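> model the following, please.
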Amino acid sequence: MTEYKCFECNKKVADDYLRKKVRCPYCGSKILFKPRSTGTIVKAR
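Modelled structure (predicted):
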């Protein structure tokens, strides 16, 4: 299950809610994004 976040209020929006509307249920913003995980930086010797 993919989770999206609202760009305005930074709250999580469930994927099944987005099937009905493309708006944040909390603030009504139309800008949503999928947060990326941070990668691990490995230094070479």
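> next SSE after the worst-scoring helix or strand of the chain on mean pLDDT?
Every helix and strand of the chain was ranked by mean pLDDT, DSSP states H and E. The lowest is helix 15-18, at a mean of 79. Later in the chain than helix 15-18, the nearest helix or strand by DSSP states H and E is strand 32-33.
> so where is this protein shaky, pLDDT-wise?
Where the chain drops to pLDDT under 70, the residues are 1.
> what about P35, neighbour count?
Residues near P35, counting by other CB atoms under 10 Å, number 10. For glycine as for every other residue, the C-beta is placed from the backbone atoms N, C-alpha and C.
> hang on, it packs against K5?
Yes. Here P35 reaches K5: they are 5.5 Å apart, a contact under CB atoms under 8 Å.
> show me what the least confident helix or strand of the chain is in contact with.
With contact meaning CB atoms under 8 Å, 6 or more residues apart in numbering, helix 15-18 is reached by M1, T2, E3, Y4, P25, L32.
> list the buried residues for that helix?
Residues of helix 15-18 classed as buried: none (neighbour count, 16 or more other CB atoms under 10 Å).
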